[in-house]
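Enquirer: Build me a model:
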Amino acid sequence: MVDAERRRLDEADLTGVAWRRWGPYLSERQWGTVREDRGTGPDSWAAFTHDQARYRAYRWGEDGLAGFCDDRQQLCLALALWNGADPILKERLFGLTNAEGNHGEDVKECYFYLDATPTSSYLKMLYKYPQAEFPYADLVATNRMRGKLDPEYELVDTGIFGADRYFDVEVEYAKATPEDVLMRITAHNRGPAQALLHVLPTLWFRHTWSWAGGAEKPRLHAISDLRGRATVRAEHAELGVRWLYGETTVGVLVTDNETNNERVFGSANDSRYVKDGIHRAVVHGEAGAVDPSGTGTKAALHHIASVPAGGTATIRLRLTDIQTDTDPFAGFDEVFAARIAEADEYYAGVLGTDLSADERLVCRQALAGMLWSKQYYALDVERWLEEHGADPLAADVPLRNSDWRHMVAEDIISMPDTWEYPWFAAWDLAFHAVAIAPVDLAFAKQQLNLLLGRRYLHPNGQLPAYEWNFSDVNPPVHAWATLFVYEFEKARTGKGDRAFLENAFHKLMRNFDWWLNRKDTDDRNIFQGGFLGLDNIGVFDRSAPLPTGGWIDQADGTAWMALYCENLTQMAVELAVQNPVYLEQAKMLMQNFAWIAAATNHVGPDGMSLWDEEDGFFYDVLRRPDGSATPLRVRSIVGLMPLAAATVLGSEVRTAFPGLVTDAAGFLDRHPAVTKALWGHGRQSRATGPMLFALFDEARLRRILARMLDEAEFLGPHGIRSVSRWHLEHPYVLRVDGQEYRVGYVPAESDSGMFGGNSNWRGPVWLPINVMLIRALLNLYAYFGDEFTVECPTGSGRQATLYEVAREIGDRLTGTFLPGPDGRRPLYGDAPIPHDSPHWRDLVLFYEYFHGDNGAGIGASHQTGWTGTVALLPLLFRSRVAAAMIPRPRRLAPLSVPS
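Expert: Have a look, this model is predicted:
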């Protein structure tokens, strides 16, 4: 039986019913966008500050607390709050820029995404709002005084939640129809005394009329309702007419979404009523700051609630395309009850019945965070360049992204979070698609197709990396994600989407050629991708000119390209089932892999190779202009990525395509130098069994695993660390021209200013890298089987199959989010969270990365994004997710997730 939410998805994706048109596509804070930067300086974050956001109309996107909007962000609905003590309305989240904190890029609020369905038929989030004055200045000042070795100073550290003097403000949305949206705001006073709360649901139009080529200006009108309801009529040339109904008689404050030029720029205002008019009317009592005629482009329904200690106040609203003369709130609670029940039913199907209650809670909140993080993103690069006074067709335009003038974006994109962004990153988005596939397969496919489309993919074949610099390079994981999503759908439905796979394959081949032509400096099949998303993991900034000159042969860049070959080969073989023309591409890709694998293991006349036989590990190699070379002996995930480039083709390929195997054998016979540098040629040329693509032999695999599974090195209590703990006592040091460059083990926040000091790949656990290692281990298990065992952990005497090793790592990762024996979730570390409080203990955050020794959440606290892959882990060893991860695993629990 198909549940109600899945029926809505089918209606949306198969017949065009607009269930996806409205959703949580509004940022909580457009903090990091460079699109709004009107200057050309290096600090876009300072170009549009939190303070200015109250006064300035945005150009490309809007923000608002617990926001909701249409898929072109034309009409926005969000929540504003005031506790009577703050100097400003709480209209958006507050966080620090790099210059304002010891590590920067961190939101300083407490909020949680609790539930969401793919069509946004039901959404729920929680915002914890202090009753005392919000400590804006304290958060900035204290963080600014702290050093790199100090922890971030968070809102919970200020004592603002002492004695439970705060409101838990729950915001829920439910759709009665695709165009009829119900909003319920429930404020719980957790404190010991009665407290006053101003609640201002706010409706406004994104400002498009003064810079969009003469677009017609929309209008909001406050309507007098004889039935005692506050009502706003919204008129838009494209959206038509919408009605926002309040349930009671409250004041409707109306102004314009226009920049307060006097306040921001010291010039005359274009409108008498400006963006901060509602703030001034409520906080400062300036009645003249809002339009007495009740007409404008921004309106708020001003509710004032005196909430008793332990009490609750509830506000109900309805945003709809229907004008009604009857009660718009008839059946309101019944719609909510139905949507909540349908959400429960949907997730019962997604998550199955095998998970514990805590595992289900973590998975559901992780997926809720990812669904809430679907954000509207708009950028027309050519128009952006013109607005900055540049000729977009001129050469050497001194503005960022000037060589991406073809790019035009106006899409809903899965973002890493909702406050720092929206700006996508190519490899983040690939992991998002993988994590979101079990809950919204069509959206996952659409996201993977997006960056491969002509509006994004560069004519030269490059994928845009991220908004700060589209021309930078992220790891090429798009092919792996595409294949995962394809295999997942095939496992769930019995049929893969060939059109999706074929379209992606052709675009990915263009990108693969770009890598071959642009990132192999001396045509040796060794790659130099740059920073590859790993920020400060290297001795040097790998995306900048080296102090030594020359370049770095990258173990991880080369491994990513090997994996790219493997994934494309898998795709070509799958497509060849119906069209043999793809066999030729499969053969070519297998040869590409052979050359890369041979180059990885080749020892040149200078004695240098990515593999270090003495240490039993892969390292980057620094190559100087004079021809000398130095291995950069940092034990990091850079050296573990060759392990991740392990892929199995099932034994059925041998019988289905014998010519493919024969051609591969013939290639090796014709190239004895390649064969000599490879391993397992004799074993893999046998007539039966799976075929393994890998960059190491069995002996090297054991040496790599011995390090990776050593708890004194990589294997932490909560997953694989990004740098070996061995470097805590033995930092790697390289001296160049009298300057010292150092990499040590730093389990928490960065101690380096590299990349702004806002992330750390020198010790913490990162979920996506662990997922790639788990994938490789499962593939290796599919090849070696039960007879291949290793010590896990190293030195423990406990032998484990590679399947069991993969599961051990998965369990350690999942354990980061689950309550331990003391009832505390490790991800909260020593934070003063009242774990015994029912109002805190079941709330989970999905941090950017995690402390290498104790699992505490580090970095951006709400960056669900790729950390949402944790939702896969409890499912991985007991569901169809496993079938998408590896071909025909030898020993997995039955596929128990319902179709």
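Enquirer: which intervals of the stretch 551-700 of the chain have sub-threshold pLDDT?
Expert: Counting by pLDDT under 70, the ranges of the stretch 551-700 of the chain that qualify are 679-687.
Enquirer: Give me the contact list for stretch 865-872.
Expert: Under the criterion C-beta atoms under 8 Å, 6 or more residues apart in numbering, residues 362-363, 366-367, 369-370, 373, 414-417, 428, 431-432, 434-436, 438, 767-768, 771, 813-814, 816-817, 846-849, 881 lie in contact with stretch 865-872. (Each C-beta comes from the backbone N, C-alpha and C, glycine too.)
Enquirer: Put the alpha carbons of it into PDB.
Expert: Written as PDB, here are the backbone C-alpha positions of stretch 865-872 (Å, rounded to 0.1, in the frame of the first residue of the first chain):
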ATOM      1  CA  GLY A 865      24.700  18.800   5.000                       C
ATOM      2  CA  TRP A 866      27.000  15.900   4.500                       C
ATOM      3  CA  THR A 867      26.900  15.000   8.200                       C
ATOM      4  CA  GLY A 868      23.400  13.900   7.300                       C
ATOM      5  CA  THR A 869      25.000  10.800   5.900                       C
ATOM      6  CA  VAL A 870      24.900   9.500   9.400                       C
ATOM      7  CA  ALA A 871      21.200   8.700   8.600                       C
ATOM      8  CA  LEU A 872      22.600   6.000   6.200                       C
END
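Enquirer: State the mean pLDDT of that stretch.
Expert: Across stretch 865-872, pLDDT averages out at 95.
Enquirer: What about the contacts of stretch 865-872, which are in helices?
Expert: Counting by DSSP state H, the contacts of stretch 865-872 place 362-363, 366-367, 369-370, 428, 431-432, 434-436, 767-768, 771, 813-814, 881 in helices.
Enquirer: which other helices and strands contact the helix or strand residue 187 falls within?
Expert: Assigned by DSSP states H and E, residue 187 falls within strand 180-189. Contact here means 3 or more C-beta pairs under 8 Å, 6 or more residues apart in numbering; DSSP states H and E; on that basis strand 180-189 packs against strand 75-82, strand 166-177, strand 195-205, strand 298-307, strand 312-320, helix 332-351.
Enquirer: quick one: buried residues of the last one?
Expert: Applying a neighbour-count criterion of 16 or more other C-beta atoms under 10 Å, the buried positions in helix 332-351 are 332, 335-336, 338-340, 342-343, 346-347, 349-351.
Enquirer: Same question for stretch 483-498.
Expert: Here stretch 483-498 shows 483-492, 496-497 as buried, counting by 16+ other C-beta under 10 Å.
Enquirer: And stretch 241-257, by the same measure?
Expert: Along stretch 241-257, these residues count as buried under the neighbour rule (16+ other C-beta under 10 Å): 242-247, 250, 252-257.
Enquirer: repeat for stretch 603-616
Expert: Residues 608-612 are the ones in stretch 603-616 that count as buried (16+ other C-beta under 10 Å).
Enquirer: Repeat that for stretch 551-570.
Expert: The neighbour-count criterion (16+ other C-beta under 10 Å) identifies 551-570 as the buried residues of stretch 551-570.
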